[in-house]
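Participant: my questions are about this predicted structure, shown below with the sequence.
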Amino acid sequence: MLDSALFKSIGGLRDIRSEPLVVLIELLLIGLSVNWCASVLQGTRGTRPLRGLLTVLVVVALVVNVLAERAGWERLSLLYGYFLIGLALIALVAFQPELRRAVIRAGDVRLLRRGTPQSRVIAALVQSARYLSRNRYGGLIALQRTVDLTPYAEKGTILNADISASLLNTIFFPNTALHDLGVIIAGNRILAANCQFPVAESDEVGAALGSRHLAAVGMSYETDALVLVVSEETGTISLADAGKLTRFLSLDELADELAARLGVRTKDHGEKTKKLIPTDRIWRGLRRLAVVIPLTLVIWLAANQASLTDIDGVDVELSLRLNVPGSVVDIVQPSQGRFKVKFQGSFRAIERLRDRTLTQPLRLSWELSERELAGPRERRVIDLINRLPEVERLRVSAVEARPEQLVFEADELRTVTMGVTAATGNIRVSDQRFEPAQVRITMRRRHLNPQAGGLPESAWQVVLPLEERLRRAAAGELISEIVPVPNQVGGFPVVSREPREVRVWLRVAELQTLRRLSRLPVWVVVSPELLERYQIERVDPQEWLIDVEIEGDQTRIESLAASDVRAYVPVTSDMISSTPELSCEVRFDTPEGVRVVGKKRFVQLRLMRHEELVP
């Protein structure tokens with residue numbers, strides 16, 4: 001029952017089992033998209049709304065998909081769909097600045113990275129940072145990576161000069177014309193100075209930081225630039241990258257961070273090179289996964305549920321097979337194992353199911369084991385259908401079934417030996433011979449038990465249907481045929497028979513035929529004593545002319561005259577009652593070998609005393 005609830009609530013377990021590669025690719029693509037969105041929002045004021053959104057989605061998905069569906073809260077499930085639409089609109093408004101920045105970044109992404117600054121560029125930056133930090137001169141330098149910073153440089157003073165520590169120190173010397181804003185470095189050259197950088201919100205960095213730090217974080221967030229900032233108040237050296245600020249760097253740490261973040265390899269004791277990787281990246285990655293994985297699963301489940309459709313009223317024909325030697329199982333309810341089932345699945349899976357069941361029912365087979373027979377002989381239909389391999393291959397799940405329960409009955413098999421005879425109807429035969437004269441019949445034990453309404457041992461006989469064949473034969477004809485052993489004995493089904501065919505020899509002795517006699521008169525036979533006392537009258541003279549059918553050998557019937565058959569009604573004194581009218585059965589005298597067939601016939605007569613007739 002739990003398995004069925006899960007199928008109905010999330011609708012994805014079957015897709016995972018049937019198409020694991022497709023589901024894995026979907027999760028990977030959604031995860032990459034979520035990770036990119038998280039990287040765009042990281043370090044911004046959108047981080048906290050993202051956490052709230054994740055919490056709401058996870059809680060609502062669990063409550064609605066699992067609890068609401070199992071408890072049948074259909075109205076809550078309906079509101080859940082509208083809630084997702086509203087949540088998407090709210091997210092567009094809440095994350096509008098972040099989405100705008102993400103679009104700007106996406107437009108500037110290049111397939112190949114540009115060449116990274118040379119080691120002398122890093123040396124000039126470290127030397128200038130030493131000078132500015134020692135003298136408490138503020139500095140703000142943006143290093144261009146893949147995103148073009150020309151739009152920001154055009155708003156400043158274009159220099160296009162070779163980079164050097166002296167030039168940087170001169171630019172940021174107090175009271176000079178270019179010292180107040182930022183410097184942009186592209187490759188090995190100082191592109192421009194006195195450039196206005198985009199400013200981050202104060203709650204994204206910290207209220208204690210000044211305008212240079214806010215500008216550094218804003219620039220690194222809007223683009224992928226690496227921004228070096230030196231505090232004018234404290235001389236603290238910091239780096240802003242991807243919207244995050246790394247503070248209190250020493251000159252050695254600054255050189256290492258610049259080399260690692262700009263992709264420059266540094267010598268390790270003059271023997272080998274390595275790329276420096278900050279240790280906090282591992283923790284950032286783990287924290288990122290803690291957000292990306294749950295949000296990916298929630299988005300996939302919501303998309304999977306939205307893509308589901310259903311089809312109702314599918315005809316399902318279920319058959320049972322028992323994997324237990326010497327036993328058989330039958331469906332008790334419903335008759336013939338027919339159900340009306342509502343299936344749910346993807347649009348393509350439902351269309352395939354619709355085409356398959358357009359002209360015929362969906363035929364399913366359930367193979368029972370001995371363990372399943374030990375439990376109750378009643379099953380919930382949708383739980384049973386959802387476990388069948390045929391339904392799993394169709395990639396659909398049953399959500400409703402009519403009737404809801406399947407009742408089945410198991411029985412042991414019994415094999416007995418039965419004699420063989422032929423059903424000849426009214427045709428007389430002779431020289432009957434069967435080969436073999438006996439067959440082995442396997443049936444359910446209850447069908448061979450007279451106390452359970454089955455066959456008594458006296459009725460254990462296989463009857464071969466030969467009447468139609470004999471009607472086409474001529475009198476005296478010898479018939480030799482191979483006849484299949486019927487799959488029923490006494491109206492009860494046969495599980496197996498051995499052999500499956502019997503050879504029959506017999507001769508037609510007489511051919512029986514029917515003949516109809518019309519308006520045959522019915523005579524009254526009365527004793528003389530009764531005639532002295534009563535007068536007999538026919539109530540309706542027309543009913544005393546009857547139509548009859550006679551049966552017998554074809555030769556006799558064809559030569560028979562109508563007068564050879566006599567219909568009469570005997571009237572005796574013991575028939576006299578208080579009522580004058582009597583209903584009498586018609587009797588027949590026929591030649592030997594001829595008989596009247598059909599229902600009994602009756603006529604009405606009236607007995608009147610003679611003294612009652614005297615005026």
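Facilitator: Cool, the structure landed.

Participant: state the distance from residue 132 to residue 355.
Facilitator: 75 Å (CB to CB, to the nearest Å). (Glycine included, C-beta is placed from N, CA and C.)

Participant: now residue 35
Facilitator: 40 Å.

Participant: quick one: which of those two has more around it?
Facilitator: Shown here are residue 35 and residue 355; by other CB atoms under 10 Å, residue 35 has more neighbours (17 against 9).

Participant: A helix includes that one, no?
Facilitator: Yes - per DSSP: H, G, I helix; E, B strand; the rest coil, residue 35 lies within a helix segment.

Participant: was I right about it contacting residue 288?
Facilitator: Yes - Residue 35 lies in contact with residue 288 (CB atoms under 8 Å); the separation is 6.7 Å.

Participant: contact partners for residue 320?
Facilitator: For residue 320, the contact set (CB atoms under 8 Å, 6 or more residues apart in numbering) comprises 329, 330, 331, 337, 365, 366, 367, 368, 408.

Participant: among those residues, which ones are in strands?
Facilitator: 329, 330, 331, 365, 366, 367, 368, 408 (DSSP state E).

Participant: nearest to residue 55, out of the residues you listed: which one, please.
Facilitator: Closest approach to residue 55 among the ones in strands among the contacts of residue 320 (CB to CB): residue 366, at 43.5 Å.

Participant: that closest one against residue 388, yeah?
Facilitator: Yes - with contact defined as CB under 8 Å, residue 366 counts as touching residue 388 (6.3 Å).

Participant: what about these two, which has more around it?
Facilitator: More crowded of residue 366 and residue 388, by other CB under 10 Å: residue 366, with 21 against 16.

Participant: hey, what's that one bridged with?
Facilitator: Here residue 366 sits in beta bridges with residue 320, going by DSSP bridges.

Participant: separation between it and residue 383?
Facilitator: From residue 366 to residue 383 the distance is 11 Å (CB to CB).

Participant: name the helices or strands packed onto the longest helix seen in the chain?
Facilitator: Under DSSP state H, the helix in the chain containing the largest number of residues is helix 280-306. Other elements packing on helix 280-306 under the criterion 3 or more CB pairs under 8 Å, 6 or more residues apart in numbering; DSSP states H and E are helix 2-10, helix 20-41, helix 47-62.

Participant: comparing these, which gets the lowest mean pLDDT score?
Facilitator: For these, mean pLDDT drops lowest on helix 2-10, to a mean of 42.

Participant: alpha carbons of stretch 545-557, as CSV, please.
Facilitator: Only the C-alpha atoms of stretch 545-557 are listed here, as CSV (Å, rounded to 0.1, in the frame of the first residue of the first chain):
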residue,chain,number,x,y,z
LEU,A,545,-57.0,-30.4,-33.1
ILE,A,546,-53.3,-30.4,-32.2
ASP,A,547,-49.9,-30.2,-34.0
VAL,A,548,-47.3,-32.7,-32.9
GLU,A,549,-43.7,-33.7,-33.8
ILE,A,550,-42.8,-37.3,-34.1
GLU,A,551,-39.2,-38.7,-34.2
GLY,A,552,-37.9,-42.0,-35.3
ASP,A,553,-35.9,-43.8,-38.0
GLN,A,554,-35.9,-41.9,-41.2
THR,A,555,-37.4,-44.8,-43.2
ARG,A,556,-40.3,-45.4,-40.8
ILE,A,557,-41.1,-41.7,-40.4
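
Participant: so for it, what gets flagged as buried?
Facilitator: 546, 548, 550, 551, 552, 553, 556, 557 (16 or more other CB atoms under 10 Å).

Participant: what of stretch 443-459?
Facilitator: Of the residues in stretch 443-459, those buried (16+ other CB under 10 Å) are 443, 444, 446, 447, 448, 454, 455.

Participant: need the pLDDT of the first one.
Facilitator: In this case it means residue 443. pLDDT, residue 443: 93.

Participant: equivalent analysis for residue 131, please.
Facilitator: For residue 131, the pLDDT comes out at 94.

Participant: just the element for the residue nearest to it when sequence neighbours are not counted, please.
Facilitator: Excluding the flanking residues, the one nearest residue 131 by CB to CB, 6 or more residues apart in numbering is residue 169, at 5.1 Å. Counting by DSSP states H and E, the element that carries residue 169 is helix 165-171.

Participant: need the residues that contact that helix.
Facilitator: The contact list for helix 165-171, computed with CB under 8 Å, 6+ apart, reads 123-125, 127-128, 131-132, 137, 139, 141, 161, 176, 178-179, 183, 190, 193.

Participant: tell me which helix or strand comes right after that helix.
Facilitator: Sequence-wise, the next helix or strand downstream of helix 165-171 (DSSP H and E) is strand 182-186.

Participant: strand partners (parallel or antiparallel) of the helix or strand following that next one?
Facilitator: Note on strand 182-186: by DSSP H and E, the next helix or strand toward the C-terminus is strand 189-195. Using DSSP bridges, the strands paired with strand 189-195 are strand 157-162 (antiparallel), strand 182-186 (antiparallel).

Participant: any idea which of these is most buried?
Facilitator: Among those, strand 182-186 has the highest mean neighbour count (mean count of other CB atoms under 10 Å), at a mean of 25.

Participant: ok so, going back, farthest pair within the buried residues of stretch 545-557?
Facilitator: Of all pairs drawn from those, the widest gap by CB to CB lies between 546 and 553 and measures 23.4 Å.

Participant: got the angle between the longest helix of the chain and helix 20-41?
Facilitator: Relative orientation of helix 280-306 and helix 20-41, computed by axes from the mean of the first three to the mean of the last three CA atoms, to 10 degrees: 120 degrees.

Participant: quick one: distance of helix 280-306 to the chain centre.
Facilitator: The chain centroid and the centroid of helix 280-306 are separated by 27 Å under CA atoms, centre = their mean, to the nearest Å.

Participant: how about stretch 518-526?
Facilitator: Using CA atoms, centre = their mean, the offset of stretch 518-526 from its chain centre is 74 Å.

Participant: and residue 331, what pLDDT?
Facilitator: Note for residue 331: predicted pLDDT of 88.

Participant: how about residue 1?
Facilitator: We have a pLDDT of 38 for residue 1.

Participant: could you do residue 18 as well?
Facilitator: In the prediction, the pLDDT value recorded for residue 18 is 58.

Participant: and if you look at residue 267?
Facilitator: Confidence score, pLDDT, at residue 267: 44.

Participant: and for residue 454?
Facilitator: Per-residue confidence at residue 454 stands at 91 (pLDDT).

Participant: what sits closest to it if chain neighbours are left out?
Facilitator: The nearest residue in space to residue 454 (CB to CB, 6+ apart) is residue 447, at 4.5 Å.

Participant: alright, that wraps it up for me.
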